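Peer 1: I'll drop the sequence and a predicted model, then ask my questions.
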Amino acid sequence: MVKYFIDHYQVKFFLTGSASFYLKNLFTESLAGRKYIFGLFPLTFKEFLSFKDSPLKIPENPRDITRPQFESISLLSDEYLRFGGFPGVVLKTSVEEKERSLDEVFTSFYQSEVLQLGDFRKNEIVRDLMLLLAQRVGSKLNVQKISRELGITRPTRYEYLAFLEGTFFVKMIRPLTRRKNSEIRKSPKIYLYDSGLANRLAKLDEAAIFENSIFQNLRQKVRSLTMERKTVSRSTSF
């Protein structure tokens, strides 16, 4: 239907959330040349400071940070680690409001992505898997153990994990190695796309939350560098 309206009526659509996953994975017809896909992720710490209207400017060289700057950054960093980078959460002013907003993020994801889009036979198993993955942030993922705990088969396990990655709930990072076979065999580490959501779901220790936040910020940086390289590649090819 989307393709029909685009081709015949020049209608523009903005498809978000589950619709974006549907666009990439479930359409039987290609929308090549008719679509642009944008990945919007939780705020980086730099963006977080902007949303907080903070006058702080983090120096490029960490050695240039003064003691007053460090103390101010530390307070804001603690808030960022605890509650994450969802804009709606960042803009809330009280702890109770932030916690309720994080609960709403999880509930909305489960209802819109899992219940409406996933079409799984046992939705409660997917929910249990999400909670188990949150508890294992920063750890190597033992998929066999998770399968036993949830009572699911190997194909079902991979189906659920692929879905949760495709809908930007988790990301599995495999170890860096020169041998592709070794990379595939070794267990990946698991991260959530937002440290605040991970902390809210699992009450993780500070080390795990810090590591997840590092992933959250590096992922954005890597993505930006990748896009810059693609832009340069296109410009030099003309």
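Peer 2: Sure thing, it's come through. Residues are numbered from 1 along each chain as shown.

Peer 1: so how far is residue 190 from residue 66?
Peer 2: Residue 66 is 37 Å from residue 190, where distance means C-beta to C-beta, to the nearest Å. C-beta coordinates here come from the backbone N, C-alpha and C atoms, glycine included.

Peer 1: For these two, work out which one has more neighbours and name it.
Peer 2: Per other C-beta atoms under 10 Å, whichever of residue 66 and residue 190 has more neighbours is residue 190, with 27 against 9.

Peer 1: Can I take it that that one is in a helix?
Peer 2: No: per DSSP: H, G, I helix; E, B strand; the rest coil, residue 190 lies outside any helix segment and is strand.

Peer 1: Could you find the closest non-adjacent residue to it?
Peer 2: residue 141 (4.7 Å; C-beta to C-beta, 6 or more residues apart in numbering).

Peer 1: try residue 47
Peer 2: Closest residue in space to residue 47, ignoring its immediate chain neighbours: residue 85 at 7.1 Å, by C-beta to C-beta, 6+ apart.

Peer 1: can you tell me which residues contact the one you found?
Peer 2: 41, 42, 43, 44, 45, 47, 48, 194, 195, 196, 216 (C-beta atoms under 8 Å, 6 or more residues apart in numbering).

Peer 1: what about 7 Å?
Peer 2: 42, 43, 44, 48, 194, 196, 216 (C-beta atoms under 7 Å, 6 or more residues apart in numbering).

Peer 1: which SSE is residue 102 in?
Peer 2: For residue 102, the host element (DSSP states H and E) is helix 95-109.

Peer 1: which parts of that helix are buried?
Peer 2: Across helix 95-109, burial judged by 16 or more other C-beta atoms under 10 Å covers 98, 99, 101, 102, 105, 106, 109.

Peer 1: Next, the angle from the helix or strand just after it to helix 95-109.
Peer 2: Using DSSP H and E, the helix or strand that directly follows helix 95-109 along the chain is helix 123-135. Interaxial angle of helix 123-135 relative to helix 95-109 (axes from the mean of the first three to the mean of the last three C-alpha atoms, to 10 degrees): 130 degrees.

Peer 1: Flag every buried residue along helix 123-135.
Peer 2: 125, 126, 128, 129, 130, 132, 133, 134.

Peer 1: what's that helix in contact with?
Peer 2: Residues from elsewhere that reach helix 123-135, judged by C-beta under 7 Å, 6+ apart: 110, 114-115, 118, 120, 146, 149-150, 152, 160, 164, 169-170, 190, 192, 198, 201-202.

Peer 1: continuing past that helix, what's the next helix or strand?
Peer 2: Following helix 123-135 in sequence, per DSSP H and E, is helix 143-150.

Peer 1: now for that next one, which elements pack on it?
Peer 2: Contact partners of helix 143-150 among helices and strands, from 3 or more C-beta pairs under 7 Å, 6 or more residues apart in numbering; DSSP states H and E: helix 123-135, helix 154-166.

Peer 1: quick one, which of those is nearest to residue 211?
Peer 2: helix 123-135 (13.5 Å; C-beta to C-beta).
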